[in-house]
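K.L.:
Dropping a prediction and its sequence here:
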Amino acid sequence: MATFSSSAHVSSSPCSNSSSVGFYQQKWMRVSSLHRSRRFGPKFFSLNSKSNTHSNVVCMQDGAVAAAVTPIAKEATLKKLKDGLSPPITPKESNDVPIFDINKEKSTVSITVVGASGDLAKKKIFPALFALYYEGCLPEHFTVFGYARSKMTDEELRNMVSKTLTCRIDKRENCGEKMDQFLQRCFYHSGQYDSEEHFTELDKKLKEHEAGRVSNRLFYLSIPPNIFIDAVRCASLSASSVNGWTRVIVEKPFGRDSDSSAALTSALKQYLEEDQIFRIDHYLGKELVENLSVLRFSNLIFEPLWSRQYIRNVQLIFSEDFGTEGRGGYFDNYGIIRDIMQNHLLQILALFAMETPVSLDAEDIRNEKVKVLRSMRTLKLDDVVVGQYKSHTRGGVTYPGYIDDKTVPKGSLTPTFAAAALFIDNSRWDGVPFLMKAGKALHNRRAEIRVQFRHVPGNLYNRNFGTDLDQATNELVIRVQPDEAIYLKINNKVPGLGMRLDRSNLNLLYAARYSKEIPDAYERLLLDAIEGERRLFIRSDELDAAWSLFTPVLKELEEKRIIPEYYPYGSRGPVGAHYLAARYNVRWGDVGAEQ
Ligand SMILES: NC(=O)C1=CN([C@@H]2O[C@H](COP(=O)(O)OP(=O)(O)OC[C@H]3O[C@@H](n4cnc5c(N)ncnc54)[C@H](OP(=O)(O)O)[C@@H]3O)[C@@H](O)[C@H]2O)C=CC1
Ligand SMILES: O=C1O[C@H](COP(=O)(O)O)[C@@H](O)[C@H](O)[C@H]1O
């Protein structure tokens, strides 16, 4: 990736000799991935090198670069140009290629939430967009469009959205006013996901709002996966930007195994360049997951310990205290391994275990993540325990079992709980078990990373700990949610004349340390997508590597119809998880009185 300081020009124009509008080998509507990074300083710009080649540009009569398109979008782009839509580009100067004006005055961002009537849109996407608006993070000119089949007016969309908007506890000033202002920027268009015509209508509406400015367009596909490709095709052919960037956020699931994931990627790439695809894993947007690299790479005390030499095991734990609750239709086709482990927990593992990246650039980080994922051993059936929750009555209340959910097929064997032991076969992590545990309908809601350190060799205080030396080892806990915290368990002396040892937590509890509310993961990720920051999104080779670790075991579980271990709703899950851990001399850190 070429990087530029504050300059918005690159030399050697691909259009310098063109005298008429023409197409080279085109890719869909990507002018460039020019962006300004919030994180790495206000004057840092980056330009994807592909946009600096002659292969995917549209040249205008004056030799300026107008757009970049895929062959499949050529027709649509030509039509737009014929319709007299000439992009507002900077005139060519000498041999420089003008990059579209990033001046806020002259550009606009249109965010289309495809599937706006759905659960995720209401629960997460619109509230996150509002929070960004409230914080002043959205560009001056922006519009939000809802798109779905349901019939709704703009007013009805606003009414629906308004019910889910909230202001941060610490920022309530002018909240109602801000909400009204935000809602006035929200519009709705009803259409089918496979209709180019309906997306053309959307395009017209978007243009009206863009009012001749450079238009940057973000499509958030908040729809079931079976309609992803139709929606991408129609959006690309009929509603992509002709003079700014076009990006698409894709929600998981990205397939259900290696083959279906590869098929999805290749279908998406018919219409999109890889750098237009923002595969979201919302766990990467969580504050404490972001903090993982900061903790590790900016504190001298951790990095030297970050290897097999000092770390005995690493545990990645996810639990929810509710069941599928209406999402059984989706869930039954995927199960907990695909829903949580193959993506959220594995992404955390990759960030935890990767080597130091060359820089904080997206590609440098993603390169390291891929490397560590590719060093991992394919998961074996022997190293997996699966469970499914069953009905349970407590305090006079009966909690339903998984198969009591009407949307779940009778007799389903889909796991709602799984534990797995994974290994990274490289020099840093050789022999260190990375244990994962994920489950629904358990006794609590929690996501955390636990790092258990080795015993102190020749510990002078061994006899003060008794026989259970595990109780004396240090443990670092990164609690992702709830009650975000980082704490380190250490041994200390109980004050007094005797010599009694105690275990205490050096505790960074976020709520106590910071009065500021922690932003929702979707806020961070949406802002990144708008800014073109790809660091927290999954690249296709990461996805391939992730699927190849889990696909064989997923196939075996299904082909052999492995019966899950049943556990009561609200319990701690199957005991099999403890046997699995014990096989690797591990004790789950979240069990026991003192956690
Ligand atoms: N909900 C969540 O918490 C999470 C969801 N996701 C993913 O996000 C995406 C959206 O999730 P969610 O909002 O729950 O999904 P929904 O099931 O609510 O679907 C979203 C919208 O898509 C349309 N739709 C639903 N089913 C179909 C269908 N069979 N054919 C055509 N259109 C359909 C409906 O809109 P209309 O009928 O108006 O067109 C619906 O409102 C999915 O990929 C999901 O896996 C990921 C993480 C969490
Ligand atoms: O991706 C998913 O995540 C949610 C849990 O997300 P959280 O941010 O609330 O922890 C999970 O409930 C859902 O099954 C899964 O698809």
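P.N.:
Cool, the structure landed. Ligands and ions are numbered 1, 2, ... in the order given.

K.L.:
neighbours around the closest residue to ligand 1 within the chain, how many?
P.N.:
Closest residue of the chain to ligand 1, C-beta to the nearest ligand atom: Gly118 (2.4 Å). (C-beta placed from N, C-alpha, C; glycine too.) With neighbours defined by other C-beta atoms under 10 Å, the count for Gly118 comes to 17.

K.L.:
For Tyr193, see how far away it is.
P.N.:
Using C-beta to C-beta, to the nearest Å, we find Gly118 at a distance of 12 Å from Tyr193.

K.L.:
show me where the stretch 301-450 of the chain has helices.
P.N.:
328-332, 335-336, 346-353, 362-374 (DSSP state H, counting those that start in this stretch).

K.L.:
For the third one, name the packing helices and strands.
P.N.:
Pointing back at helix 346-353 there. Here helix 346-353 touches helix 287-297, strand 311-319, helix 362-374, strand 434-439, helix 540-559, going by 3 or more C-beta pairs under 8 Å, 6 or more residues apart in numbering; DSSP states H and E.

K.L.:
Return the residues of the stretch 151-300 of the chain in contact with ligand 2.
P.N.:
Residues of the stretch 151-300 of the chain found near ligand 2 (C-beta under 6 Å from any ligand atom) are His282.

K.L.:
same check, this time on the chain
P.N.:
So the chain meets ligand 2 at His282, Glu320, Asp339, Ala447 (C-beta under 6 Å from any ligand atom).

K.L.:
can we see that at 5 Å?
P.N.:
Within the chain, the positions near ligand 2 by C-beta under 5 Å from any ligand atom are Asp339.

K.L.:
In contact with Arg213, which residues?
P.N.:
If you count contacts by C-beta atoms under 8 Å, 6 or more residues apart in numbering, Arg213 has them with Pro88, Lys106, Ser107, Thr108, His141.

K.L.:
okay but Val161 is in contact with Lys123, surely?
P.N.:
No: the criterion here is C-beta atoms under 8 Å, and Val161 misses it with Lys123 at 11.1 Å.

K.L.:
Of those two, which one has the most company?
P.N.:
Remark: of Val161 and Lys123, Val161 carries more neighbours, 25 against 13, as counted by other C-beta under 10 Å.

K.L.:
so which strand or helix has the more buried one?
P.N.:
If you go by DSSP states H and E, Val161 is part of helix 154-162.

K.L.:
who touches Trp550 in this structure?
P.N.:
For the record, residue 550 is Phe, not Trp. Contacts of Phe550 (C-beta under 8 Å, 6+ apart): Asp257, Ile337, Arg338, Met341, Gln342, Leu346, Leu379.

K.L.:
so which of these is the most crowded?
P.N.:
Gln342 (29 neighbours).

K.L.:
Would you state the strands of the stretch 351-500 of the chain in chain order?
P.N.:
384-390, 392-394, 397-399, 417-422, 434-439, 446-453, 475-481, 485-493 (DSSP state E, counting those that start in this stretch).

K.L.:
List the residues that contact the residue nearest to Pro433 when sequence neighbours are not counted.
P.N.:
Once flanking residues are discounted, Pro433 sits nearest to Tyr584: 4.2 Å by C-beta to C-beta, 6 or more residues apart in numbering. By C-beta under 8 Å, 6+ apart, the contact list for Tyr584 reads Asn313, Ala421, Pro433, Leu435.

K.L.:
what does the stretch 351-500 of the chain put close to ligand 1?
P.N.:
Going by C-beta under 5 Å from any ligand atom, none of the residues of the stretch 351-500 of the chain are near ligand 1.

K.L.:
pLDDT weak spots in the stretch 351-500 of the chain?
P.N.:
Under the criterion pLDDT under 70, the flagged ranges of the stretch 351-500 of the chain are 466-469.

K.L.:
Pick out the residue in this structure sitting closest to ligand 2.
P.N.:
Taking C-beta to the nearest ligand atom, the chain has Asp339 as its residue nearest ligand 2, at 4.8 Å.

K.L.:
how deep is that residue tucked in, by neighbour count?
P.N.:
Quick note: Asp339 (other C-beta under 10 Å) scores 24 neighbours.

K.L.:
That one contacts Gly328, correct?
P.N.:
No: here Asp339 lies out of contact with Gly328, judged by C-beta under 8 Å, at a distance of 11.8 Å.

K.L.:
and among the helices and strands packed on helix 346-353, the most buried is which?
P.N.:
strand 434-439 (a mean of 25; mean count of other C-beta atoms under 10 Å).

K.L.:
by contact count, what packs against that one?
P.N.:
strand 311-319, helix 346-353, strand 417-422, helix 576-583.

K.L.:
That strand pairs with which strands, and in what direction?
P.N.:
strand 311-319 (parallel), strand 417-422 (antiparallel) (DSSP bridges).

K.L.:
now Glu368, nearest residue through space, not along the chain?
P.N.:
Met354 (3.9 Å).

K.L.:
so how many other residues sit close to that neighbour?
P.N.:
Met354 has 22 nearby residues by other C-beta under 10 Å.
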